[in-house]
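Visitor: With the input below, show me the fold.
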Amino acid sequence: MAKKKEILLTSEGFLELEAELNELKTVERPTIIEAIKDARAQGDLSENADYAAARDRQAEVEGRIADLEYMLENAKIIEKKDTNAVDMGSIVTIVYMEDNEEEEYTIVGSMEADPFENKISNESPIGMAIMHKKVGDIISVESPTGSYQIKIVKIA
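Guide: The predicted structure follows:
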């Protein structure tokens, strides 16, 4: 049997996944079942686009439900222990040394990462570079486009 992968999540991320799972099970699934029933009532299923679309949507939803259940079963909630060093769950303010641009990131697990919300994975180039570093540290970040320097200015 394959070893189950531990999914690192913040408590907020865990709650978001639980809410999504609940929505899929209590709203989406019944809606799709009703759509399939209505499409079947139309007769010939071989050329029924509504039936095919409803079945496709059902497959998507059931796949997502299975994914969410796996993630929640294997979730490890990350708790921020202190603000002396960067760790999972830390909110870190950094300055890019090249252009003196300041940016704030929350360090999360890969399943919760969302660059549009400045949630970066501990497995990302910046995430890996700043883990366990302290305020004032200047770190070289290796990325696919080359290396650059950042400085940690605040950890919350």
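
Visitor: Helices of the chain, start to end?
Guide: For the chain, the helices defined by DSSP state H occupy 11-23, 29-41, 49-73, 125-130.

Visitor: Now do the longest one and helix 11-23, the angle between them.
Guide: An angle of 150 degrees separates the directions of helix 49-73 and helix 11-23 when computed by axes from the mean of the first three to the mean of the last three C-alpha atoms, to 10 degrees.

Visitor: circling back: please name whichever of the helices of the chain is nearest to Asp87.
Guide: helix 125-130 (9.9 Å; C-beta to C-beta). Glycine gets a C-beta too; all of them are placed from N, C-alpha and C.

Visitor: Which residues does that closest one contact?
Guide: 86, 92, 94, 105, 107, 120-122, 137, 139-144, 150, 152 (C-beta atoms under 8 Å, 6 or more residues apart in numbering).

Visitor: And Met97, how far from Ile120?
Guide: Distance from Met97 to Ile120, counting by C-beta to C-beta, to the nearest Å: 18 Å.

Visitor: These two: who's more crowded?
Guide: Neighbour tally, Met97 and Ile120, criterion other C-beta atoms under 10 Å: the higher count belongs to Ile120, 22 against 14.

Visitor: And the more buried one, how far from Glu47?
Guide: 48 Å.

Visitor: Could you do Thr93 as well?
Guide: From Thr93 to Glu47 the distance is 59 Å (C-beta to C-beta).

Visitor: who's more crowded, these two?
Guide: Between Thr93 and Glu47, Thr93 has the larger neighbour count (other C-beta under 10 Å), namely 15 against 8.

Visitor: Okay, and the beta partners of that one?
Guide: Beta bridges link Thr93 to Glu104, Lys154, judged by DSSP bridges.

Visitor: Quick one: residues contacting the closest residue to Asn84 other than its chain neighbours.
Guide: Nearest residue to Asn84 in three dimensions, chain neighbours excluded: Lys134, at 6.3 Å (C-beta to C-beta, 6 or more residues apart in numbering). With contacts defined as C-beta under 8 Å, 6+ apart, Lys134 is in contact with Asn84, Ala85, Val86, Ile152, Ile155.

Visitor: Filter those down to the buried ones.
Guide: Ala85, Val86, Ile152, Ile155 (16 or more other C-beta atoms under 10 Å).

Visitor: Now do the contacts for the one residue sitting closest to the centre of the chain.
Guide: When the chain is reduced to its mean C-alpha position, the nearest residue by C-alpha atoms, centre = their mean turns out to be Glu112, at 2.1 Å. With contact set as C-beta under 8 Å, 6+ apart, Glu112 has these partners: Leu8, Leu9, Thr10, Gly13, Lys119, Ser121.
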